[in-house]
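> no sequence for this one, just the structure:
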């Protein structure tokens, strides 16, 4: 994901696709991506697809929420085993709807994951809440500046 500045304090998040990466015989070339950021299909040397991007986006959102690296408590070999066995990041401290979304995105079957468009639709209420918080912050700044 990259964030671009659009001017006037606006920015836009853009999803970068692993599935658009150069492939050889439909298998992504050996990746330098750290193992904790890989999808189950990447670990199995399967083709990376848009569903892989959704998995990665959910992992990124988990990282932003917690401030932790995925699987930070495990070694690289332990991470591969954990992912292969279906272990995912804990979401206990997240809202129930966010937990549901992340777990859907982390489904070991890529075809069972939501699409990126479905993911964005799900996040719409969160974006509205963020805008409201930004407006509250601006109102607070205006109050302090008027003093």
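Right, received. Where do you want to start? Everything numeric in this text was worked out from a predicted model, so none of it was measured.

> Okay, strands next: where are they in this protein?
Under the criterion DSSP state E, the chain contains strands at 2-7, 10-14, 23-24, 27-28.

> Give the residue spans of the protein that score low on pLDDT.
Residue ranges of the chain with pLDDT under 70: 1-7, 9-31, 125-147.

> Let me see the ranges of the helices in it.
40-43, 50-66, 76-84, 96-105, 116-146 (DSSP state H).

> Show me which positions of the second one end up buried.
Okay, so that is helix 50-66. Within helix 50-66, the residues that count as buried by 16 or more other CB atoms under 10 Å are 50-59, 61-63. C-beta coordinates here come from the backbone N, C-alpha and C atoms, glycine included.

> hmm, which two among these are most spread apart?
50 and 63 (20.1 Å; CB to CB).

> now the buried residues of helix 50-66 as a markdown table including distance to residue 120?
What follows is the buried residues of helix 50-66, written out as a markdown table (distance: CB to CB, whole Å):
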| residue | distance to residue 120 |
| --- | --- |
| 50 | 13 |
| 51 | 15 |
| 52 | 17 |
| 53 | 12 |
| 54 | 10 |
| 55 | 15 |
| 56 | 15 |
| 57 | 10 |
| 58 | 12 |
| 59 | 16 |
| 61 | 12 |
| 62 | 17 |
| 63 | 18 |
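
> And residue 43, how close does it get to residue 101?
Using CB to CB, to the nearest Å, residue 43 is found at 22 Å from residue 101.

> who's more crowded, those two?
residue 101 (22 against 15; other CB atoms under 10 Å).

> Skipping its backbone neighbours, what lies nearest that one in space?
Of all residues not flanking residue 101 in the chain, residue 122 sits nearest, at 5.4 Å (CB to CB, 6 or more residues apart in numbering).
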